[in-house]
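Colleague: Let's see this in three dimensions:
(one chain, ligands or ions: 2)
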Amino acid sequence: MKLILKPEEIAITIRRLAHQIVENHDDFSKIAIIGLQPRGIFLSNRIYTEIQKISKGQPIDYGKLDITFYRDDVRNELHAANETDIPFSIEGKDVILIDDVLYTGRTTRAAFDALLDYGRPKKVELCVLIDRRFTREFPIQADYVGKYIDSFETQKVLVRWTENSDKDHVTMTEG
Ligand SMILES: O=P(O)(O)OC[C@H]1O[C@H](OP(=O)(O)OP(=O)(O)O)[C@H](O)[C@@H]1O
Ligand SMILES: O=c1cc[nH]c(=O)[nH]1
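Modeller: Numbers count the residues shown, from 1 in each chain. Ligands and ions are numbered 1, 2, ... in the order given. The predicted model follows:
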């Protein structure tokens, strides 16, 4: 098992991602942060908290999106659904989707479908902690990336958080 990011690095990376998002979006009333269920939520909670610190109390729309029924393999496999919680309009907003890992791009593709049920955003961006390069199966790229990783298909990136593990860390395993 190889350590990719340790707790201090994850904390610094999350602060950087939050600042990069704010750099591109200075009007907080026009953005919506949306974490992808289930694993993107740990990251989106933290990025949202960091952006709140920068916005100094200005309200920012923050929601959670479940893509289960929009997956392209939903008919072939059983999947447990999670909650979608978007208690605001995304119409005309700049939506920033947040997930922990970008691999084939299929989850992000499903997220576009799921999101559009809630309205027509002005723009959709993607923020991920880990971008596994050269593994894409759809033409999808992230706008904000914590760390790029070159990997083989046989390897797996594991992102763990204090909420579901003993500490925040990212590792890569063989097979
Ligand atoms: O770009 P993709 O290939 O869609 O992979 C990225 C997704 O994989 C992980 O979820 P999960 O382990 O639930 O994904 P999977 O069951 O779709 O492999 C991760 O939390 C991302 O949401
Ligand atoms: O390596 C991977 C690929 C997809 N999703 C993950 O969480 N890790």
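
Colleague: Need the contact partners of the lengthiest helix in the chain.
Modeller: Longest helix of the chain, by residue count under DSSP state H: helix 7-24. For helix 7-24, the surrounding residues in contact (C-beta atoms under 8 Å, 6 or more residues apart in numbering) are 5, 31, 33, 43, 46-47, 50-51, 54-55, 96, 125, 127, 129, 143-144, 146-147, 167-170. Where you see a C-beta, it was placed from the backbone N, CA and C, and this is true even at glycine.

Colleague: Tell me the buried residues in it?
Modeller: Within helix 7-24, the residues scored as buried using 16 or more other C-beta atoms under 10 Å are E9, I10, T13, I14, L17, A18, I21.

Colleague: ok, now stretch 58-72?
Modeller: I60, D61, Y62, G63, K64, L65, D66, I67, Y70, R71.

Colleague: and the third one, that's in a helix?
Modeller: So the one you mean is Y62. No - counting by DSSP: H, G, I helix; E, B strand; the rest coil, one finds Y62 to be strand, located in no helix.

Colleague: Identify the bridge partners of it.
Modeller: I33 (DSSP bridges).

Colleague: still on that earlier bit, ok now the longest helix of the chain, how far from the chain's centre?
Modeller: Taking the mean of its C-alpha atoms, helix 7-24 sits 13 Å from the chain's own mean (C-alpha atoms, centre = their mean, to the nearest Å).
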